[in-house]
Structure formats: structure tokens, C-alpha cells
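K.L.:
What follows is a predicted protein model with its sequence.
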Amino acid sequence: MTTLKTDNTGQIPLEELARLPSRYFPALNWQRDRLAYYGDETGALELYLLDLATGEQRQVSHGGLPRSLHAGFVWNRAGDRIVFARDTDGNEQHNLIALDLASGALTQLSDDPRCQEYPAAFSPGDEWLLVETNKVGQLNLWRMRPDGSDYQQLTRYPFPAGGGIWSPDGAQIAFTTNESPDLRNQDIYLMNADGSDQRRLLRLSEGSREYAARWSPDGRTLLVGSDVSGVSRAGLLDLASGGVRWLGEEGVEQYPARFSEDGRTVLCLRNRDAQTEIVLYDVASGAPRELGLPPGVALFAGFALDDTALVISQSTPTTRPGISLYSLSDGSVRTLLAPEYGGIDPALFVDCEYVWYPSEDGTPVPALLYRPRNAAPGAALPAVVVVHGGPTGQYFRAFDPYAQFLADRGYLVLEPNPRGSTGYGVAFRDAALNDWGGVDLADIAAGAAYLKALPEVDPQRVAVFGGSYGGFMTYLITVKRPELFKAAAAWIGISDLPRLYAASMEHFKYYLRQQMGDPELHAELWRDRSAVNFLENLRAKLLVVHGVNDPRCPIEQARVVRERLLALGRREGEDFEYVEKGAEGHGSTDIDQKTETYRLLADFLARRL
């Protein structure tokens, strides 16, 4: 077996790949004839409109948008304004900005640098804008007039309240919160538009998670989601009787999306084998309709043009997202915005294999495996385990630029969905509760063993990389299982759980308690799962990359790693490398910042593996 030296070059130019235009947060107007989205075709984020009948694309903003996205936007009902959230350099302390679509003029609606503010929805008639904000501590629902005046708090729950949607007549708001001591629990509530008469509408079982996705146009039904059956399912909640009629196959993960304009059909997304499929259900009979589209991942789907079509954004491992119009009468598909590849030949992208490997206790773990093109017979290739964020995230069989550029440079890439991931049922998702760095770490360790057993992998040249929770796992597995990896790259990671909790906003603290228990009652567990306490065990060459404005995993999480390693006598630049990224928060969609992250990772792995 010949050991190959992997360098920092490949057939896919790294900077061109990072700079391919992307589209974010597509949203239909209430008339369902135009689609708005963030795009970076100019090199900076702007808002664009797409006319679904003609296919005409128009840029409607000219500066003044966030440099990097951590929140979306909402249309007003009239279709002439969009309100978006804008922060400063990724710090996620958003203010609300209104964009007039005719003139492009921006109007600031709020100004509070101490809090997060997310636009939720305009009321029918555009009298009010519903807002999710932690303005007075916990994340709760507020409302304001469209000009930013008369800002009123509607809910005052000690646990996060959000997901607010207006009834068709504007008289009521459905939302979610939790008043149970079981922090997994989430219930659907109802209140009047002024916040009065708040009451719980649906709890199927204490500990299950229910939420409302859409009201029916006649106001009699809510399209809801629940995991009470052991998987996420979609159902129709009759508001008069309180009964829920479930849609789709029992035991299959499925998420509610939206009603058709006439209320006769609902659209759901089925999550199976790391792919998502669009399924339509007849409201009266519950009968499903599958569209027969090629396998892939539906990133967005919505009814359009008076219910004659669906606007769809899809992706596969080798196909970047585009936007298409699917005719509901004959199944024909018309491309509105084709996937963009610049000067890159799409034939250079590699497909992934959907694999299962046994964890250390025998539990099957699903994963995506990317192999380099045309690897020479008998070659001993380096490999990388890439850990997703969350932990309640999931790798899908969609286009992944990180996996593609690594595979293009000669690495085998394994993207596991370890226990704690979504998409495989409640028991799988909750297996890592109060156990971050336990069964999930065992699943990642087994992924490294799986890679090392492949005949084309050099077992001495395996690395681990991850961001956010993936960065937490990268730190922890290299000190708990120091023999596994030759190199490790922790991006916006967590190294010290008690320190993270102390610095977190209230809704982040809620999530941490949900996932890892009370920090005082479980102090020893929190200490044991904090990599900063075990850095003397580190053998892998470590790259630390972190944004200085990160509010989710603050920069102190990286700085304490650096300080501890230096105190242990480790040499910066030789034993570990450390990069602080200014004007950046918890990751970035900004093209220049994405490109720099790609470059740092590619260069580090080329030198260290």
C-alpha cells in the first residue's frame, strides 16, 4: 500500500467553490406569486425577488443588510414590505429593519443592542408585527406596529415562548412554550391578539414536543407536528373537538409545512434515510400524493400561483440548490433559477454513500461517506470524520461544499449522524440527553474505527473536524480518546460547559439544562465533559478557529484552551494553532469569511496529515 501525500490543491478551486452564489431563507409572499430570498451574487448579501410566473429576478436591496445571516425575514400581507433582522458583525443582537420593495428604502424599527429580536409574522391587515425577543430576559412574544411604535409584550413565560402564528381573522395567535418541569416538553398554546386569555391547547403527553405549523384558511384547523408516537409526525388538529388526525406512515419521520391556498391540501416533508421528500395530503381523505421527483433533499417547497404549482428548492450530493416550479396538473418541472457552478465542472463532485456502522455497544450509526475520485489502487489515503452541530442536527444527502473540497483533495470523509441526531426517532435523538460526550462520543469513535478499517485508508492519518457542538466533540474526543486522531480542527467549539452556561442568554441556558441537566446538580458531569480540564491528554495536532463576536459559544471557549495549552508547555504554532476571526460570530455566510475558513482547514490538514 502506497502512502500518498495530500496537498492543498485539487481540481476544484477552493476559492471559486467558496464563492459560488448561495440563496438563503426563501419565502413566498402572501399572494404566492413572488419568492423573496437572500442572495450573495454580488459578493455581499442582498434581498432578491423572483416572479414565479415570468421567472424575472430583481435585486431589491442595495446595502444595509447583515454581513452574515443568523435570522430570516417576513413579508407584510400587502406584499410591499419585508422586515428583516440585522445584527453587527455576527453578534446576533438583532434590530428589526423594514425594506420598502418599491424604493429600496430601509427603516429601522427597533434599536436595542442588548437583545435578540426576530420578526415572526404580520397580522392580517398588517396592523401588527409579531416579534420573538429576549428584550426582558427570556425569549417571549411581543408585538409592534409596522412603524416600530407601540411595542408590547404579549407572553411572560419563564421558559422560551415562540413559534407564533396568526389566525386567519387576526383575532388569535397560536404559539409554543413549556410549563412542565420536563424540559423536553413543548405544548401548543392559544391567546387573543392582545395577549389575553392564554391557554394550553394541546399536550399529548408530558415530555412530547408539539408545535403548530399553519392555520387552515377557514380557521378551523391547525396543521401541527408532534413526536408523541416516537417519531416526528404531522397531523390536523380540529379546534372544535381538540382531536388530531395523523397524516402519513406511522414510524416515519415527517414534518408539517403548509396548507394550500384553498385549504384542501397540506404539504409535508418526509425525512427518510437522510433524504427529504415532498408529500401532499388531501385534507378530507388523508390520501397522500408523491411527486415522483428524483431522490434528494427538498430544502423548500410551497404552493404558488393559485395552487396550480409548487415552488421547490432541491439539492443532491452532486447538485447545488436551484429553484423550480412544479406543475400540479401534469407534473412538469420548469427551472426558474438554475444551480450555479461558475467555472467548476459539476462532474468533479462526488456522490456520497449512505452507510451504517456499528458503535462500540453495537448500536447501528448512520453516516455519509465521500470517497475521492479516481483514487489509485492500493493507495493509503488520509481521512476526516466531520461532526455536525446541534447535537440535535443531521447530515443529509444534499450538496456539502466542505465534503466536496475535502474529497477533491484526496481525503475520505465520514459524516456520522450519532446518537443525539434528529431524523431517526425520539429514542435515538434523546439517547445523549444528560450524556454529551458519552454515547455520542462512542459513536464518533466507532466512526474513526470504521474509517481505519477501510482498505484504502491510512489508519495513521485520520483527523476530526467540527463546528459548534461538533467543535465540542472535537475537543472532547481528542482528550478522552487521544489515540484516535492525528489532527483535529475545532471551529466555534465548546470546551468549558460551566463557563458556557454562565455566559449564555436565558433561552440558551434552557437548552443546555434540557440537554445536560442542572449545572449545579450535575456539576461533576459538566466538569467531566469539559475538554479544558483534560488537555494534558491531547496528542493530536490541534487547530482552534473562533469568531470574537460569537454569542452562542463565546470566544472565551477558545481562549481558555489556548491558555491551558500554553500553561502545559505546549507550543503554539507547533503543537497547536490558534486563529481568532474578528468581526465574525457563530459561523458565517459571508463569502470572504467562508473562504478564509475553507483555506484555514485545507492548509491545516495538508500540513498535519
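P.N.:
It's in.
K.L.:
Tyr341 belongs to a strand?
P.N.:
No: Tyr341 is assigned coil when assessed by DSSP: H, G, I helix; E, B strand; the rest coil, not a strand.
K.L.:
Test for you: state the pLDDT assigned to the most centrally placed residue in the chain.
P.N.:
In the chain, the centroid-proximal residue (CA atoms, centre = their mean) is Gly393; its distance is 6.9 Å. As predicted, Gly393 sits at a pLDDT of 94.
K.L.:
Now do the SS call for it.
P.N.:
Gly393 is classified as coil under three-state DSSP.
K.L.:
same thing with Gly447?
P.N.:
Three-state call for Gly447 (three-state DSSP): helix.
K.L.:
Name the strands paired with the lengthiest strand in the chain and say parallel or antiparallel.
P.N.:
The longest strand of the chain (DSSP state E) is strand 457-467. Sheet pairing for strand 457-467, assigned by DSSP bridges, gives strand 379-387 (parallel), strand 487-491 (parallel).
K.L.:
After it, heading C-terminal, what element do we hit next?
P.N.:
Downstream of strand 457-467, the first helix or strand assigned by DSSP states H and E is helix 469-480.
K.L.:
Return the list of helices and strands in contact with that next one.
P.N.:
Taking 3 or more CB pairs under 8 Å, 6 or more residues apart in numbering; DSSP states H and E as contact, the helices and strands that helix 469-480 lies on are strand 379-387, helix 439-453, strand 457-467, strand 487-491. Placement of C-beta: from N, CA and C, glycine included.
K.L.:
pLDDT score assigned to Ala102?
P.N.:
96.
K.L.:
do Leu4 as well
P.N.:
38.
K.L.:
Residues contacting the helix ranked longest in the chain, please?
P.N.:
When the chain is parsed with DSSP state H, its longest helix is helix 591-608. By CB atoms under 8 Å, 6 or more residues apart in numbering, the residues outside helix 591-608 that reach it are 6-8, 14-15, 17-19, 40, 43-44, 67-68, 382, 384, 401-402, 405-406, 409, 411, 463, 465, 486-487, 489, 491, 541, 543, 545, 577, 579, 581, 584, 588.
K.L.:
buried subset of those?
P.N.:
Taking 16 or more other CB atoms under 10 Å as the criterion, what is buried in these is 6, 14, 17-19, 40, 44, 67-68, 382, 384, 401-402, 405-406, 409, 411, 463, 465, 486-487, 489, 491, 541, 543, 545, 577, 581, 584, 588.
K.L.:
among those, which are in helices?
P.N.:
Per DSSP H, the subset of the buried ones among the contacts of helix 591-608 in helices is 14, 17-18, 401-402, 405-406.
K.L.:
hmm, which two among those are most spread apart?
P.N.:
Across those, the longest distance by CB to CB is 13.0 Å; it joins Ala18 and Leu406.
K.L.:
wait, Gly148 sits on Ile97?
P.N.:
No: the criterion here is CB atoms under 8 Å, and Gly148 misses it with Ile97 at 9.8 Å.
K.L.:
Of the two, which one has the most company?
P.N.:
Ile97 (22 against 18; other CB atoms under 10 Å).
K.L.:
part of a strand, is the more buried one?
P.N.:
Yes: counting by three-state DSSP, one finds Ile97 located in a strand.
K.L.:
ok, it to Tyr37 distance?
P.N.:
17 Å (CB to CB, to the nearest Å).
K.L.:
same question, Ala213
P.N.:
To Tyr37, Ala213 is 20 Å away according to CB to CB.
K.L.:
Kindly report the same for Ile173.
P.N.:
Ile173 is 26 Å from Tyr37, by CB to CB.
K.L.:
more crowded one of those two?
P.N.:
Just comparing Ile173 and Tyr37: by other CB under 10 Å the higher neighbour count belongs to Ile173, 28 against 22.
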